[in-house]
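Trainee: Got a predicted structure here, sequence first:
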Amino acid sequence: MNETNLIRAGRLVILLAIQVFILNHVHIVGYITPLLMGYMLICFQSGVSRIGLLVWGFLAGLMFDIFSGTAGMASAGCTLLAMMQPALLRAFAPHDADDHFVPCIRTMGFGKYFTYAFLCMFVLHAVFYLLDAFTLHDWPMTLASVGGGTLVATLLCIFTELLVRKKRH
């Protein structure tokens, strides 16, 4: 196992612990729970193999499902996010970016990084909460859960990014 995979595994363990022990117990306005697990997939650099990215996405979602009892909802959301991440990154990365472009605020700028993180979190939250509801009977609550969770998780991603990248550079 190389150093990059060890860093990814460590990031997965830390994000999983934060999600399971803290964020799963935070219910803003009674039903908005942010899913920070998507941050791990947002951080993947360009040029990572599609299969590797899908495996990491599925494993992240599976671990979340196992420890949270969410019956595959996080696996589906994280796997779809892993599938869409390269296209979203390509859309917001600078045109002269190399094959190993690392998405962060410093390399993308705040506006593009915020939009990139917001769209990634929207994909994750939309799949998760739509599978959770499995109906559009109470669509205002589902819509509020998706929108609120996306916004809070995006702000947490920005905060985490500023905290982590500041220490490294």
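Mentor: On my side now, so go ahead. Worth saying up front: this structure is predicted, and the values here are computed from it rather than measured. Numbering: from 1, shown residues only.

Trainee: Quick one: mean pLDDT for the helix or strand where residue 67 lies?
Mentor: Taking DSSP states H and E as the definition, residue 67 sits inside helix 50-68. In this model, helix 50-68 has a mean pLDDT of 94.

Trainee: helices or strands up against whichever helix or strand comes after that helix?
Mentor: Next in sequence after helix 50-68, counting helices and strands by DSSP H and E, comes helix 73-92. In terms of contacts (3 or more Cβ pairs under 8 Å, 6 or more residues apart in numbering; DSSP states H and E), helix 73-92 is packed against helix 38-42, helix 50-68, helix 110-133. Any C-beta I mention is one placed from the backbone N, CA and C, and that applies to glycine too.

Trainee: Need the CA coordinates for the helix holding residue 67. PDB is fine.
Mentor: These are the backbone C-alpha positions of helix 50-68, laid out as PDB (Å, rounded to 0.1, in the frame of the first residue of the first chain):
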ATOM      1  CA  ARG A  50     -12.100   5.700 -12.500                       C
ATOM      2  CA  ILE A  51     -12.100   2.200 -10.900                       C
ATOM      3  CA  GLY A  52     -10.000   3.300  -8.000                       C
ATOM      4  CA  LEU A  53     -12.200   6.300  -7.400                       C
ATOM      5  CA  LEU A  54     -15.400   4.100  -7.500                       C
ATOM      6  CA  VAL A  55     -13.900   1.600  -5.100                       C
ATOM      7  CA  TRP A  56     -12.900   4.300  -2.600                       C
ATOM      8  CA  GLY A  57     -16.400   5.900  -3.000                       C
ATOM      9  CA  PHE A  58     -18.100   2.600  -2.400                       C
ATOM     10  CA  LEU A  59     -15.900   1.700   0.600                       C
ATOM     11  CA  ALA A  60     -16.500   5.100   2.100                       C
ATOM     12  CA  GLY A  61     -20.300   4.700   1.700                       C
ATOM     13  CA  LEU A  62     -20.200   1.100   2.900                       C
ATOM     14  CA  MET A  63     -18.400   2.000   6.100                       C
ATOM     15  CA  PHE A  64     -20.800   4.900   6.700                       C
ATOM     16  CA  ASP A  65     -23.700   2.500   6.100                       C
ATOM     17  CA  ILE A  66     -22.300  -0.200   8.400                       C
ATOM     18  CA  PHE A  67     -21.800   2.200  11.300                       C
ATOM     19  CA  SER A  68     -24.900   4.300  10.800                       C
END
